[in-house]
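**Student:** Kindly return the folded structure for what I paste below:
(one chain, ligands or ions: 1)
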Amino acid sequence: MTLPPPVLDPPFNITRVSHVILTGRDLDASQRFYSDVLGLVVSDRDKDALYLRGLEEAGHHSLVIRKSPDAPVCRAIGFRVLTETDLEKAKEWLDRRGIASQWIEAAYQGRTLRFTDGSGSPIELCARMDIVPRLMQSFDRFHGGSPQHLDHVQVAASDIQRAFDFYTALGFRLTEYTARDNTDELWGVWLQRKGNPHDIVFSNGRGPRLHHFAYTVPEVRDLIHACDVAASLGYASRMERGPGRHGIGNALFVYFRDPDGHRIELFNTHYQAIDPDVPPIRWDLTNTSRSQLWGLPATRAWFFEATEFEGVEPAEPLLKADPVTLEAFLANQF
Ligand SMILES: [Fe+2]
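**Tutor:** All right, here's what the predicted structure looks like:
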């Protein structure tokens with residue numbers, strides 16, 4: 001397959017995925033799940049929002065749950081840029097392309113720029129966030145899976161090529177991808193800025209919708225301990241998939257659904273991906289080991305359910321699996 005060369009001098013410098021903003025109907029329930037069960041740290045809480053972070057994170061929040069009585073949605077995916085100047089460059093770049101953007105006020109963050117990306121997902125950029133203590137050596141506070149930092153998000157997208165083109169123009173580099181066998185048709189793209197397999201993933205499906213967001217854990221045993229703690233506290237039914245290992249990305253993983261149905265992955269064992277001369281890894285669509293190198297198959301819910309973005313109507317995917325391929329794949333999955 002002929003893939004475009006990586007853009008090594010992007011128009012502005014996005015450094016990493018930074019945070020996810022969700023809505024939830026009951027902040028007490030959200031706090032029990034994310035803090036008491038999984039082990040995220042509560043940075044702040046008021047009547048309107050719960051701010052959470054991983055144990056090693058020095059930024060104020062990587063997960064925000066905003067209270068809402070409505071159907072749970074994702075309000076935005078946040079990325080960090082390196083400097084305030086990069087924010088200005090981002091604004092200019094978006095303006096030149098006729099992409100609407102707005103400066104917004106966001107608590108505990110510096111100036112924040114909100115826009116819609118090439119997949120139709122709401123994105124916000126900031127260069128600064130309030131600094132809080134890293135708790136990576138407060139071992140007495142480790143609990144559940146002891147999640148350390150937000151690593152990546154995955155979005156189901158209706159037009160993978162369009163999302164790919166948008167992010168590669170901004171310097172995101174492709175580490176792995178899925179394509180229909182014997183073709184160049186992209187079905188999933190794993191894109192990174194921070195030097196490991198991915199900051200954001202786009203997978204073919206009804207979208208845009210947030211499929212999951214993922215935190216690293218220190219040890220494999222922490223994945224198991226998270227499952228044990230979840231079971232002990234009555235949250236066994238919230239475990240959706242795993243433990244297992246993905247072929248793509250090499251992640252050892254477990255997935256949970258939160259009280260509002262949002263999906264979170266805990267994982268470890270990613271690899272370094274920095275050198276731009278290393279070609280991305282290709283996975284054929286019919287290769288079921290891309291989703292699971294070993295472990296029990298995913299549920300249908302894992303494949304087809306996701307969180308909608310606020311005010312964004314998902315579209316059916318442009319690419320359709322031929323029925324024979326799809327059924328063969330699903331037959332190996334379920
Ligand atoms: Fe993931």
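**Student:** what's the longest strand in this protein?
**Tutor:** Secondary structure of the chain read by DSSP state E shows that its longest strand is strand 14-24.
**Student:** that's a helix at Leu87, yeah?
**Tutor:** Yes - assessed by DSSP: H, G, I helix; E, B strand; the rest coil, Leu87 belongs to a helix.
**Student:** from what I can see it touches Phe115, true?
**Tutor:** No - using Cβ atoms under 8 Å, Leu87 makes no contact with Phe115, being 11.5 Å away. Heads up, the C-betas are built off the backbone N, CA and C, glycines and all.
**Student:** And the two? Which one has more around it.
**Tutor:** A count of neighbours by other Cβ atoms under 10 Å puts Leu87 above the other of Leu87 and Phe115, at 21 against 18.
**Student:** What are the structural domain limits within the protein?
**Tutor:** Following automatic domain parsing, the chain resolves into domains at 14-132, 149-333.
**Student:** Least confident of these, on average?
**Tutor:** Comparing mean pLDDT across the domains of the chain, the lowest value falls on domain 149-333: a mean of 92.
**Student:** Can you get me the centre-to-centre distance for that domain and its chain?
**Tutor:** 8 Å (Cα atoms, centre = their mean, to the nearest Å).
**Student:** list the contacts for His246?
**Tutor:** His246 makes contacts with Phe253, Arg290, Ser291, Gln292, Leu293, as judged by Cβ atoms under 8 Å, 6 or more residues apart in numbering.
**Student:** er, Ala231 actually
**Tutor:** Met239.
**Student:** Can you verify it is assigned to a strand?
**Tutor:** No - checked against three-state DSSP, Ala231 lies outside a strand; its state is helix.
**Student:** how close does it get to Arg238?
**Tutor:** Between Ala231 and Arg238 the computed distance is 10 Å (Cβ to Cβ, to the nearest Å).
**Student:** Equivalent analysis for Thr216, please.
**Tutor:** Distance from Thr216 to Arg238, counting by Cβ to Cβ: 20 Å.
**Student:** Those two: which has the busier surroundings?
**Tutor:** For Thr216 versus Arg238, neighbours defined as other Cβ under 10 Å are more numerous around Thr216 (23 against 19).
**Student:** who's in contact with the nearest residue to Ala49 once chain neighbours are set aside?
**Tutor:** Leaving aside its sequence neighbours, Ala49 sits nearest to Arg66 (Cβ to Cβ, 6 or more residues apart in numbering; 4.8 Å). By Cβ under 8 Å, 6+ apart, Arg66 lies in contact with Ile21, Leu22, Thr23, Gly24, Asp48, Ala49, Arg75.
**Student:** backbone phi and psi for Leu27, please?
**Tutor:** phi -70, psi -30 (degrees, to the nearest 10).
**Student:** Could you give the number of residues near it?
**Tutor:** 17.
**Student:** Please tell me I have it right and it contacts Ile65.
**Tutor:** Yes - contact criterion Cβ under 8 Å: Leu27 and Ile65 qualify, at 6.3 Å.
**Student:** anything in contact with each of those two?
**Tutor:** Joint contacts of Leu27 and Ile65 (Cβ under 8 Å, 6+ apart) are Ala49, Leu50.
**Student:** Name the residues of the stretch 101-250 of the chain found near the ion, please.
**Tutor:** Within reach of the ion by Cβ under 5 Å from the ion, the stretch 101-250 of the chain has these residues: Ala214.
**Student:** where along the stretch 101-250 of the chain do the helices fall?
**Tutor:** 160-169, 220-232 (DSSP state H, counting those that start in this stretch).
**Student:** contact partners of the shortest one?
**Tutor:** Outside of helix 160-169, the residues that reach it under the criterion Cβ under 8 Å, 6+ apart are 4, 6-7, 10-11, 117-119, 155, 157, 174, 186-189, 191, 200, 202-204, 318-319.
**Student:** Return the set of buried residues in that helix.
**Tutor:** Ile160, Gln161, Arg162, Ala163, Phe164, Phe166, Tyr167, Thr168 (16 or more other Cβ atoms under 10 Å).
**Student:** Same check on the longest one?
**Tutor:** Buried residues in helix 220-232, counted by 16+ other Cβ under 10 Å: Asp222, Leu223, His225, Ala226, Cys227, Val229, Ala230.
**Student:** I figured His211 hits Ser203, correct?
**Tutor:** Yes - using Cβ under 8 Å, His211 is in contact with Ser203, at 6.6 Å.
**Student:** list the residues that contact both of the two?
**Tutor:** Gln154, Val155, Ala156.
**Student:** how about TSV for those residues, with neighbour count added?
**Tutor:** Putting the shared contacts of His211 and Ser203 into TSV (neighbours: other Cβ atoms under 10 Å) gives the following:
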residue	neighbour count
Gln154	21
Val155	26
Ala156	28
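**Student:** related to what we said a few turns ago, mind checking the helices of the stretch 101-250 of the chain for the one nearest to Glu265?
**Tutor:** Taking Cβ to Cβ, helix 220-232 is the member of the helices of the stretch 101-250 of the chain nearest to Glu265, at 10.1 Å.
**Student:** Now the residue most central in space within the chain. Nearest residue, chain neighbours left out?
**Tutor:** By Cα atoms, centre = their mean, the chain has its centre lying nearest to Val153, at 0.7 Å. Counting by Cβ to Cβ, 6+ apart, Phe213 is the residue found nearest to Val153 once chain neighbours are left out, at 4.7 Å.
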